[in-house]
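[1] Structure, please.
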Amino acid sequence: MDESGGSGQPRPDTDEPHRHQPDRTAPVSDSARPDSTPPDPPTPESAGTEPDPAGAATEARAGEDQPNGPDDTSRPPAHPDEQGIHDQPGGDRHDHSGASDAHPAHRTLAHSAPGKKAGPQRTPEPRGGLLMGRPFGVPVYVAPSWFLVAALITWVFGGQLERVLPELGAARYLVSLFFAVAFYASVLVHELAHTVAALRYKLPVRRIQLQFFGGVSEIEKEAETPGREFVLAFVGPLLSLVLAGLFYLALQPVEPGTVPGVLLAGLMISNLIVAAFNLLPGLPLDGGRMLRAVVWKITGRPMSGTVAAAWVGRALAVSVLIGLPLLTQSGALGRDAVDNVGMDTVMDALLAAILAAIIWTGAGNSLRVARLREHLPELRARALTRRAVPVESDTPLSEALRRANAAGARALVVVDADGDPVSLVREAAIVGVPEHRRPWVAVSGLAQDIADGMRVSAELAGEDLLEVLRATPATEYLVVEDTGEIYGVLSAADVERAFVKAMARPA
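    Numbering: from 1, shown residues only. Predicted coordinates for the structure are as follows:
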C-alpha cells in the first residue's frame, strides 16, 4: 500500500537557511512535559494494513497539527513503506507495516560526563508472540490469538469427524488439532512465498506472524514497479493452489473414509478456499494488490491503483456481509437449506460481519497509506527544525531559557569550550523542574548526549528522514548543515504531528 508523508507548518524563521549564533537558536519552550522514555516509532497504519480474514486492522495514531512543543510520548514515525496486507481467510496478509518494541531511554548528562558520546542504538527486533524459527533469516512468530482459533478449529472439525468417523471417539479431537496445525503450516508456506519474493526483490521483511484467522508478512518496502507488485501478491495464492494440488495427488491412493483421507481432503479444500479468497480483486487481499498493480501499470500512478483496488475492496466487504449469510441460508454452500436455522445462522452472520469488517478496514488503511505516500516528500528536516540556542554546560536553566526566549528559539544545545555541540537539553525534562529551582539547576543535568545517529542533515526529507530517525529513536535530534554548523533541533513530536497531518490531508 502506498504511504506518503507531509510536513508541519513551516516557521517564518526557517523559510530561509540560517546560521546559528549564540543568539539564534532552536526551540525551547518554557513549558515542557514530564520526562519519559522515548517510545517506538509509530506505524502509520497503513499506515495501512490489509486485513487477513483473520487479522485485525491496524490503526493510525492521531496527533496535534502544530509543533508547539516536544511531546515525550511521541516518536519518529515508522517508515511509510511499512504497510500491511491481510489476505487470507484464515490465511495471510503481507503486512508492510511493522510495529516495534519500546526503546530504552538515552543516558542524560545528569548521569554521564558532558563530553562522552553514546553509541547509536539499534531498533529492537519486533516481537509478535512465540518465536518458532527463522526461515530465510526472517523470524516467524505465533501470536497468542492463534491458540484461540486453533481451539475453535479443533472443536468444529472434531464435530464433523464425529459424523464421518464415529469410531474415533474422543481421539477425534487429536486428529482435529493435527488438522489445525497442518492448516496453519499451509498458511506459513503461503506467507513464505511472499517473503521469498520480497527478498528476491531486495525488499526487507521484518517478520512473519501467524495469528487469529490468518498470517501476515511484514514487508518494510513497497515494490518499485507494478510488475514486481503483481508478482509479489500473486505468489501467495499460487502456492496455496500448488499445495491444494499436492494434497489432491496424495489423496488418490488413500482409502476414503479413513483418517488420512479426511485430513488430506480437508487440507486440499482449505487451501483452495484460501487461494480463491485471496484472489478476490480488492484490497487488502492479494487479488487487490494484483488489481492495484494492473491499474498502476495502465495509469502510471500507484495512487490510482490503490484508490481503485481499495474501493473494490469496500464493495467486497459489503458483498461478504450480505452475501455469505444468504448463500449459507439458501444451501448453495452444500448444506440443506432447511437445516440452516438457529445457531448456525447466527454463526454465519457473525463470521460474515468479522470478515467484512476486516476487509473494509484494510481497504481504508490502504487509502490512508497511499495518501501519506503522496505527501511524504513534503516531510523535510529543514522545515520542521526548531531554532536552538547554544549554551555551556554550567549555564543555569533559568538563564538558558531567558536567552532562548530573547532569541525566539525553542531548543537548547549544550556546547563545549570550543563551541562544539555535546548534548541536547530535553524539553520534556524542563517541565519537571519547578520555576523557583531553575536558577539553581544547570542545563547539563537535563541534557542527553548526542549519539552519532542523533545528528541529522538539514537536507534530509521524506523516506530518508524517517529511516534516519527510526535507526536511532530519540526525542530530539541535532540538525546540522553539510558544513557541520548547527542548524537547530528536530523534535520527534513535531515529525510525528506532520506525519499524522499528512495522512489526514487529501491527495
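[2] Pass me the low-pLDDT residue ranges in the stretch 51-200 of the chain, would you?
    Scanning the stretch 51-200 of the chain for pLDDT under 70 picks out the ranges 51-128.
[3] Swap in 50 and give it another go.
    51-123 (pLDDT under 50).
[4] how about Val500, phi and psi?
    phi -70, psi -40 (degrees, to the nearest 10).
[5] Let me know the pLDDT of it.
    Per-residue confidence at Val500 stands at 79 (pLDDT).
[6] repeat for Ser319
    pLDDT, Ser319: 92.
[7] Same check on the one 4 residues further on?
    Per-residue pLDDT puts Gly323 at 85.
[8] In terms of helices and strands, where is it?
    Per DSSP states H and E: Gly323 is located in helix 302-330.
[9] How about the following helix or strand past that helix, which residues are buried there?
    Sequence-wise, the next helix or strand downstream of helix 302-330 (DSSP H and E) is helix 343-375. Across helix 343-375, burial judged by 16 or more other Cβ atoms under 10 Å covers 348, 351-352, 354-375. Any C-beta I mention is one placed from the backbone N, CA and C, and that applies to glycine too.
[10] Stretch 480-491 too?
    For stretch 480-491, burial by neighbour count (16+ other Cβ under 10 Å) applies to 480-481, 486-491.
[11] What's the local residue count around the closest residue to Arg380 other than its chain neighbours?
    Nearest residue to Arg380 in three dimensions, chain neighbours excluded: Ala461, at 4.2 Å (Cβ to Cβ, 6 or more residues apart in numbering). Around Ala461 there are 20 other residues, counting by other Cβ atoms under 10 Å.
[12] okay, Ala461: pLDDT?
    89.
[13] do the same with Glu16
    The score at Glu16 is 38. That number is its pLDDT.
[14] how about low-confidence regions in the stretch 301-450 of the chain?
    Using pLDDT under 50, the stretch 301-450 of the chain drops low at 337-340.
[15] pretty sure Trp360 contacts Ala317?
    Yes. Applying Cβ atoms under 8 Å as the test, Trp360 and Ala317 come out as touching, 3.9 Å apart.
[16] Can you tell me the element the closest residue to Pro302 other than its chain neighbours falls in?
    In space, and not counting its chain neighbours, Pro302 is closest to Trp296: 4.8 Å by Cβ to Cβ, 6+ apart. Using DSSP H and E, Trp296 sits within helix 286-299.
[17] Which strands and helices lie in contact with that helix?
    Under the contact criterion of 3 or more Cβ pairs under 8 Å, 6 or more residues apart in numbering; DSSP states H and E, helix 286-299 touches helix 226-251, helix 302-330.
[18] nearest to Leu174, of the buried residues of stretch 480-491?
    Ser491 (56.9 Å; Cβ to Cβ).
[19] how close does Glu218 get to Ala170?
    Per Cβ to Cβ, to the nearest Å, Glu218 is found 39 Å from Ala170.
[20] Show me where the stretch 101-250 of the chain has its strands.
    Applying DSSP state E, counting those that start in this stretch to the stretch 101-250 of the chain gives strands spanning 130-133, 140-142, 205-211, 214-219.
[21] Can you say which of those strands is packed in most?
    Highest mean neighbour count among the strands of the stretch 101-250 of the chain (mean count of other Cβ atoms under 10 Å): strand 214-219, with a mean of 31.
[22] relative to helix 343-375, how tilted is it?
    Inter-element angle recorded for strand 214-219 and helix 343-375: 10 degrees (by axes from the mean of the first three to the mean of the last three Cα atoms, to 10 degrees).
[23] I would like the residues contacting the host helix or strand of Val274, please.
    Here Val274 sits within helix 259-278, counting by DSSP H and E. Residues outside helix 259-278 that contact it (Cβ atoms under 8 Å, 6 or more residues apart in numbering) are 53, 87-92, 157, 161, 164-165, 168, 175, 178-179, 182-183, 186-187, 190, 236-238, 240-241, 243-244, 247-248, 250-251, 254-255, 285-287.
[24] Over to stretch 180-196?
    Applying Cβ under 8 Å, 6+ apart, the external contacts of stretch 180-196 come out as 88, 90-92, 94, 135-136, 138, 140, 146, 149-150, 153-154, 157, 205, 208, 210, 214-217, 219, 232-233, 235-240, 243, 263, 266-267, 270-271, 274, 278.
[25] Just the buried subset of those residues, please.
    The buried subset of the contacts of stretch 180-196 (16+ other Cβ under 10 Å) comprises 88, 90-92, 94, 138, 140, 146, 149-150, 153-154, 157, 205, 208, 210, 214-217, 219, 232-233, 235-240, 243, 263, 266-267, 270-271, 274, 278.
[26] Count the residues that sit near Asp418.
    By other Cβ under 10 Å, neighbour count at Asp418 equals 6.
[27] where's it relative to Ala411, distance?
    In terms of Cβ to Cβ, Asp418 sits 20 Å off from Ala411.
[28] Equivalent analysis for Gly323, please.
    Distance, Gly323 to Ala411, using Cβ to Cβ: 57 Å.
[29] correct me, but Leu280 touches Gly288?
    Yes. Between Leu280 and Gly288 there is a contact at 7.4 Å, judged by Cβ under 8 Å.
[30] Who has more neighbours out of these two?
    Applying other Cβ under 10 Å to Leu280 and Gly288 shows that Gly288 carries more neighbours, namely 32 against 20.
[31] which residues does that one contact?
    50, 85, 280-282, 309-310, 312-313, 363, 366.
[32] From Phe277, how far out is Leu350?
    Counting by Cβ to Cβ, the separation of Leu350 from Phe277 is 17 Å.
[33] Revised request: answer the last question for Ala151.
    Applying Cβ to Cβ, the value for Ala151 to Phe277 is 22 Å.
[34] out of those two, which sits in the busier spot?
    A direct count of neighbours by other Cβ under 10 Å for Ala151 and Phe277 places Phe277 higher, at 25 against 13.
[35] separation between the more buried one and Phe179?
    Phe277 is 19 Å from Phe179, where distance means Cβ to Cβ.
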